[in-house]
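Undergrad: Pasting the sequence and the predicted coordinates here, then a few questions.
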Amino acid sequence: MRIEKKLESNLGGAIVIGVWLGASAELSSQYIVPAIFTLGGVFWVIYGLFANKKYKIFELNRLEGTVAYPDHYFNPPLKGKFKDLKAVISVSGNIDGYADSEYLKFVNTFKPRKLDLLYTFYGSDPKKDWSFYVWYMDKNRPLPPGTAFDEYRQQDFERRKALGFPRPLYPSDIPTPEATPEQQKERERFWKEW
């Protein structure tokens, strides 16, 4: 079982800004800035049209314990073991110096380079997103809540039961009960005997 999320990019934002600046520029040396924005926009449009879409997918493979996320530009995705993935929460500030937004960022540990940028994953809440990823990737825990996993819950429960309900891979203070009270009692009974 794996989760894939297609990551979209803003293809024409820079070209719109470039055209807007070009339309508002007077006939003088102010053509340089609109030209730079326009060329940048053209690059992003070409990149959006010709970049391999399968390279721009965030993938979590629970059973194999692997993760893949996009690398820069036309490079294939970075792949590796989830346990080796380093994630940080970055806080950006606003003009007054106060914290403004938080972002979940992945440190490139799978293909280190001398100069590298952190990959920013834009989600709703970085702490909740990371907690969800860790819970999902711990194949010794039940699947996280959500209707997307409902059809797989029984199969996942039976798989973990056949393995003897192994202890969780990643420590957590978040309770991760089974989907039904009966399944929870069965797991607790097995752990008491263990």
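TA: All right, it came through fine.

Undergrad: roughly how far out does the helix or strand harbouring residue 157 sit from the chain middle?
TA: Using DSSP states H and E, residue 157 sits within helix 153-162. Helix 153-162 sits 26 Å away from the centroid of its parent chain (Cα atoms, centre = their mean, to the nearest Å).

Undergrad: In terms of residue numbering, what are the domains of the protein?
TA: Following automatic domain parsing, one gets these domains for the chain: 7-50, 54-137, 140-194.

Undergrad: check contacts around residue 190.
TA: Going by Cβ atoms under 8 Å, 6 or more residues apart in numbering, residue 190 touches 161, 164-165. C-beta coordinates here come from the backbone N, C-alpha and C atoms, glycine included.

Undergrad: ok, now how distant is the residue most central in space within the chain from residue 134?
TA: Centroid-nearest residue in the chain, with Cα atoms, centre = their mean: residue 121, separated by 5.0 Å. Distance, residue 121 to residue 134, by Cβ to Cβ, to the nearest Å: 14 Å.

Undergrad: Check residue 77 too.
TA: Per Cβ to Cβ, residue 77 is found 20 Å from residue 134.

Undergrad: which of these two has more neighbours?
TA: The neighbour count for residue 77 versus residue 134, taken as other Cβ atoms under 10 Å, is higher for residue 134 (20 against 17).

Undergrad: Mind telling me what element residue 101 is part of?
TA: Using DSSP H and E, residue 101 maps to strand 99-107.
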